[in-house]
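> The following comprises the amino acid sequence and a computationally predicted model.
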Amino acid sequence: MSGQTAPEDVRGAADALRKALGACHPRIAITLGSGLGGLTGRFEERDEVPYSELPGWPLPTVEGHAGQAIFGQLGGVEVLGLSGRVHLYEGHQPARAAFYVRVLGALGVPALFLSNAAGAIHRTFQPGDLMLLADHINLMFRSPLVGPVQPGETRFPDMSSPYDSALRSAVKEAARELQVPLREGVYAGLLGPTYETPAEIRMLQTLGADAVGMSTVPEVITARALGIRCVAVSCLTNLAAGVSPQPLDHAEVLETSQRVADEFERLVERSVTRFVTEGSLA
Ligand code: HPA
């Protein structure tokens, strides 16, 4: 059992989304993590389609994840926002978590800006910080690419530069321009759904992780297999277990992401404008 997605399901969802998009041709898709969906309020000429109207599209069940594709202009750029994603801990195969990325591939969307909520491991990182992903560690020990090679993908994708250097530079420039503090570090993707133990966080620290979360990795793996360029920002919603003596809960995660939502939104908006004006999406 490969758990792989059928190419005809991807085509079916892509056809439905293309129809919904009408004259909009997104130059970048933006995946909105827990509590970060407010970005779509900044879209102009905004329209939306619920995931439930896109055949085969997995429906999120977690609080803070809306479950719709919202499109329009952000900072003068045609974008597609994906508010809500599914996670492996909900019982989905990695290929289901990455289903939407294959739809983006079928639509020819060249770049993907991912966001997520994550716990801060690096000693100097604080709740409310934004962290640009320099790299990731796949500790889900599963891959969305297991099984037959899917259309447009390669068997052994290169992962030496999962996060695009030109797009990352543009995000850093945007942060400087806006005076939004931006950390940079390595994201460890774990299966969840428990938060980590203090011993696990010490292990992750030793492995070189600066932040920890339960998403993003399957999507980036799939995007790279398709040649879609990726950039990602974590909203560090809490100190990881054991870094702080306090127990963790999802309410804190949502509360912090809402607190920094405005900074996050301004950063993404300015970044996508820069991607286009600097020609890094060409
Ligand atoms: N661990 C894992 N995932 C998370 C965390 C965390 O501390 N915070 C938000 N998502």
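Received it, and whenever you're ready, just let me know what you need.
> Now do stretch 195-207: everything it contacts.
Contacts with stretch 195-207, where a contact means C-beta atoms under 8 Å, 6 or more residues apart in numbering, come from 119, 121, 137, 139, 188, 190, 212, 240-243, 248. Every residue, glycine included, has its C-beta placed from N, CA and C.
> from these, which are also near the ligand?
The residues of the contacts of stretch 195-207 that also fall near the ligand, by C-beta under 6 Å from any ligand atom, are 119, 212, 240, 248.
> Check these against the ligand and report the nearest one.
The ligand lies nearest to residue 119 out of those, by C-beta to the nearest ligand atom, at 2.2 Å.
> my guess is the closest one contacts residue 235, does it?
No: using C-beta atoms under 8 Å, residue 119 makes no contact with residue 235, being 10.7 Å away.
> and residue 211, what does it touch?
Residue 211 makes contacts with 118-122, 125, 131, 185-188, 234, 236, 240, as judged by C-beta under 8 Å, 6+ apart.
> most neighbours, which of those residues?
When neighbours are counted by other C-beta atoms under 10 Å, residue 118 leads these with 32 neighbours.
> what residues are up against that one?
131, 187, 211-213, 234-237.
> is it true that it lies in a strand?
Yes: counting by DSSP: H, G, I helix; E, B strand; the rest coil, residue 118 is part of a strand.
> What pLDDT does the model give it?
Looking at residue 118, its pLDDT stands at 95.
> Bridged to it, which residues?
Applying DSSP bridges to residue 118 gives these bridge partners: residue 236.
> how far away is it from residue 232?
Separation of residue 118 from residue 232 (C-beta to C-beta, to the nearest Å) stands at 10 Å.
> Please apply the same query to residue 240.
18 Å.
> do residue 134 as well
Residue 134 sits 10 Å away from residue 232, going by C-beta to C-beta.
> any shared contact partners between the two?
Here residue 134 and residue 232 have residue 163 as joint contacts, going by C-beta under 8 Å, 6+ apart.
> In terms of neighbours, single out the busier of the two.
Just comparing residue 134 and residue 232: by other C-beta under 10 Å the higher neighbour count belongs to residue 232, 28 against 16.
> That one contacts residue 130, correct?
No: look at residue 232 against residue 130 with C-beta under 8 Å: they stay out of range, at 10.8 Å.
> OK, contacts around residue 110?
Residue 110 is in contact with 27-28, 228-229, 281, counting by C-beta under 8 Å, 6+ apart.
> can you check residue 52 too?
By C-beta under 8 Å, 6+ apart, the contact list for residue 52 reads 59, 67.
> coming back round to it: in strands, which of the contacts of residue 211 fall?
If you go by DSSP state E, the contacts of residue 211 have 118-120, 131, 185-188, 234, 236 in strands.
> quick check, nearest of the residues you listed to the ligand?
Nearest to the ligand among the ones in strands among the contacts of residue 211, counting by C-beta to the nearest ligand atom, is residue 119 at 2.2 Å.
> For that closest one, which non-adjacent residue is spatially closest?
Distances taken as C-beta to C-beta, 6 or more residues apart in numbering place residue 240 nearest to residue 119, at 3.8 Å, with adjacent residues excluded.
> Got the phi and psi for the one you found?
When read as degrees, to the nearest 10, the backbone of residue 240 gives phi -60, psi 160.
> Quick check: it touching residue 120?
Yes: counting by C-beta under 8 Å, residue 120 is a contact partner of residue 240 at 6.0 Å.
> what about the closest residue to residue 97 other than its chain neighbours, is that helix, strand or coil?
Nearest-residue entry for residue 97: residue 218, 4.5 Å, with adjacent residues in sequence omitted and distances by C-beta to C-beta, 6+ apart. Under three-state DSSP, the three-state class of residue 218 is helix.
> now the strands for the protein?
28-32, 44-50, 68-74, 77-83, 111-120, 130-139, 182-190, 211-213, 229-239.
> Can you tell me which of those is nearest to residue 155?
Residue 155 lies closest to strand 130-139 among the strands of the chain, at 17.2 Å (C-beta to C-beta).
> Now that closest one: average pLDDT?
Mean pLDDT, strand 130-139: 98.
> Spit out the contact partners of residue 190.
Contacts of residue 190 (C-beta under 8 Å, 6+ apart): 139-140, 196, 212-214.
> for it, which residues make a bridge with it?
Counting by DSSP bridges, residue 190 is bridged to residue 139.
> how close does it sit to residue 80?
28 Å.
> Residue 243 too?
According to C-beta to C-beta, residue 243 stands 35 Å off from residue 80.
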